[in-house]
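Peer 1: 3D, please:
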Amino acid sequence: MVGAARPTPGSALVVGKSMDHNDAANEAAFSKAAELLGQPLELPLGHGEPASGVDFRRLATQHAFGDSWSRPGLDTRSRALVSVTIAATLGTREPLRGQLRIALNNGVTKAEIVELFIHLEAYAGAARAFDSYQVALEVFAENSA
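Peer 2: Sure, this is the predicted structure:
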């Protein structure tokens with residue numbers, strides 16, 4: 001990263017504005033994320049976040065969208081359902097929000113997501129399923145707007 005300009009708080013790492021020496025891998029990961037989300041993935045640095053936060057965001061994006069989502073073996077819809085289930089089971093609200101958006105953008109219906117939470121309740125517990133379901137309701141509402 002020698003010589004690379006670092007984003008400042010409020011700026012965002014977006015496709016086409018790679019901060020990595022491996023521009024092709026970064027570009028592919030951000031392109032896959034945009035395809036799945038139906039819009040470009042922007043990862044702005046938060047107030048007080050160090051510049052190295054962009055490295056974390058880039059690496060996480062490359063690993064998730066470049067290495068995992070791009071693999072053969074499972075179709076996108078199946079990966080979306082698995083990803084919603086994992087994020088909900090772990091109780092990771094913001095990642096769950098993103099995974100729900102990806103699922104809805106890639107053919108998973110709201111009814112299927114509700115069924116997923118019914119099944120999740122039986123195996124991960126009512127409290128976890130209910131808390132995660134509240135995030136789903138928020139995403140459903142924004143998706144309907």
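Peer 1: quick one: secondary structure of the most centrally placed residue in the chain?
Peer 2: Nearest to the geometric centre of the chain sits residue 98, at 4.3 Å (Cα atoms, centre = their mean). The three-state assignment at residue 98 reads helix, by DSSP: H, G, I helix; E, B strand; the rest coil.
Peer 1: mind listing what the closest residue to it other than its chain neighbours touches?
Peer 2: Spatial nearest neighbour of residue 98, excluding adjacent residues (Cβ to Cβ, 6 or more residues apart in numbering): residue 37 at 7.5 Å. (C-beta placed from N, C-alpha, C; glycine too.) For residue 37, the contact set (Cβ atoms under 8 Å, 6 or more residues apart in numbering) comprises 98, 101-102, 105.
Peer 1: rebuild the residues you listed as CSV, extending it with pLDDT and secondary structure.
Peer 2: Below are the contacts of residue 37 laid out as CSV (pLDDT from 0 to 100; DSSP: H, G, I helix; E, B strand; the rest coil):
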residue, pLDDT, secondary structure
98, 95, helix
101, 97, helix
102, 97, helix
105, 96, helix
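Peer 1: buried set for the longest helix anywhere in the chain?
Peer 2: Taking DSSP state H as the criterion, the chain has its longest helix at helix 126-144. Under the neighbour-count criterion of 16 or more other Cβ atoms under 10 Å, helix 126-144 has 128-129, 132-133, 135-136, 139-140 buried.
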